[in-house]
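K.L.:
Give me a model of this one.
(one chain, ligands or ions: 1)
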Amino acid sequence: MKLDDPVTTLYPPTGRTRPLRNLYLEQPLEPENWDGSLFLYSNFVTSLDGRIALDAPTAGASGVPPHTANPRDWRLFQELAAQAGVLITSGRYLRQFAAGTAQDVLPVGSDEAFADLLAWRRAQNLPPQPDVAVVSASLDFDVPEALVESRQRILVLTSAHAPRDRRQAHEARGCQVVVCDQGATVTGAGIYRALEAAGYRRAYSVTGPQILRLLLADGVLHALFLTQALRMLGGEAYDTLVEGDVLADAPAFELRTLFHDPYAPEAASQLLACYDRR
Ligand SMILES: NC(=O)c1ccc[n+]([C@@H]2O[C@H](COP(=O)([O-])OP(=O)(O)OC[C@H]3O[C@@H](n4cnc5c(N)ncnc54)[C@H](OP(=O)(O)O)[C@@H]3O)[C@@H](O)[C@H]2O)c1
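P.N.:
Predicted coordinates for the structure are as follows:
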């Protein structure tokens, strides 16, 4: 992986180049004057036409397409994960993982190429791995053995309507089940409250368009890191960043940084943006 090939800073408009390696580790994660409360951020890679996933006909599941997934974006994903106290994932992700159709996002830095990120965590006096929070209404998933063995704290964030036997099964496996909301499903505010009460300062959502919508609807997503691969894919319209009803207040964002990366052949080239919720 050639991580020292440069990216060009387009915003703020300095025009300077710098290596891709540690791009997101070296720029402050929180915006200036952050008040120290739980900072919740997410990251996606999309095509130029906004697709985050396409159906995989053989697997019967959707996933990040090979024309947008690329090692340089993946490095940045890992740099963001390395800085987190907790990773937010979903029941659907763990079902895909069990079926062998998910991109392997947990634990952080399992590949030797990311050993420096685990060393970085040690140097910051962080636990070896971020904890994991699984958002699920059905609780119909199994926690992978690798997670149980890695001794991360595993939270299961659900609603009061969750099936009792599944709650007990997750607790028996060592997970901490947290009822975030009294309704049938979990809200973004419920996720935020639960993670803040658990003492986290940085939460990284690695889920897809349903959870992103919950976080946006309740105004608890603070920053979005968005890699845009300059390729057109087509496909179904629902495979976009946000799924569900129209967001009432059309959440607005400010551009914080923008880089051009011409060295990701899979993606043709790509734009690396960070947006702060206004
Ligand atoms: N390109 C990218 O950067 C990118 C990033 C992330 C994901 N993706 C793709 O997006 C697709 C979906 O990802 P995902 O499943 O991780 O994300 P998701 O669509 O945000 O999560 C869906 C799951 O979250 C749970 N959920 C959703 N709303 C809920 C609520 N209100 N209350 C309680 N639980 C709720 C449900 O779990 P239960 O069914 O267990 O109740 C649901 O199945 C995948 O194809 C993935 O590859 C792409």
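K.L.:
Using the three-state scheme, assign Y204.
P.N.:
Following DSSP: H, G, I helix; E, B strand; the rest coil, the label given to Y204 is strand.
K.L.:
Excluding chain neighbours, what is closest to it?
P.N.:
A84 (3.8 Å; C-beta to C-beta, 6 or more residues apart in numbering). Every residue, glycine included, has its C-beta placed from N, CA and C.
K.L.:
what helix or strand is the nearest residue to V108 once chain neighbours are set aside on?
P.N.:
Leaving aside its sequence neighbours, V108 sits nearest to A81 (C-beta to C-beta, 6+ apart; 4.4 Å). According to DSSP states H and E, A81 maps onto helix 71-82.
K.L.:
is the ligand contacted by that helix?
P.N.:
No. Counting by C-beta under 6 Å from any ligand atom, the ligand is not contacted by helix 71-82; separation bottoms out at 8.0 Å.
K.L.:
near the ligand, which residues of the stretch 101-250 of the chain show up?
P.N.:
So the stretch 101-250 of the chain meets the ligand at 135-138, 140-141, 185-186, 207-211, 214 (C-beta under 6 Å from any ligand atom).
K.L.:
Give the burial count for the residue of the stretch 51-200 of the chain found nearest the ligand, as a bare number.
P.N.:
For the stretch 51-200 of the chain and the ligand, the shortest gap (C-beta to the nearest ligand atom) falls at G91, measuring 2.0 Å. G91: 20 surrounding residues under other C-beta atoms under 10 Å.
K.L.:
Quick one: buried ones out of the residues of the stretch 101-250 of the chain next to the ligand?
P.N.:
Buried members of those, counted by 16 or more other C-beta atoms under 10 Å: V135, S136, A137, F141, T185, V186, T207, G208, P209, I211, L214.
K.L.:
how about the strands of the protein, start to end?
P.N.:
Ranges of strands in the chain, per DSSP state E, are 6-11, 17-19, 39-47, 54-56, 61-63, 86-90, 131-135, 154-159, 176-181, 202-205, 223-229, 253-261, 270-277.
K.L.:
which regions of the stretch 51-200 of the chain sit below the pLDDT cut-off?
P.N.:
56-61, 105 (pLDDT under 70).
K.L.:
at 50 instead, please
P.N.:
For the stretch 51-200 of the chain, the stretches with pLDDT under 50 are 59.
K.L.:
For the residue in the stretch 151-278 of the chain that the ligand sits nearest to, give me its contacts.
P.N.:
Closest residue of the stretch 151-278 of the chain to the ligand, C-beta to the nearest ligand atom: G208 (2.5 Å). Neighbouring residues of G208 by C-beta atoms under 8 Å, 6 or more residues apart in numbering: I52, A53, S90, R92, Y93, E243.
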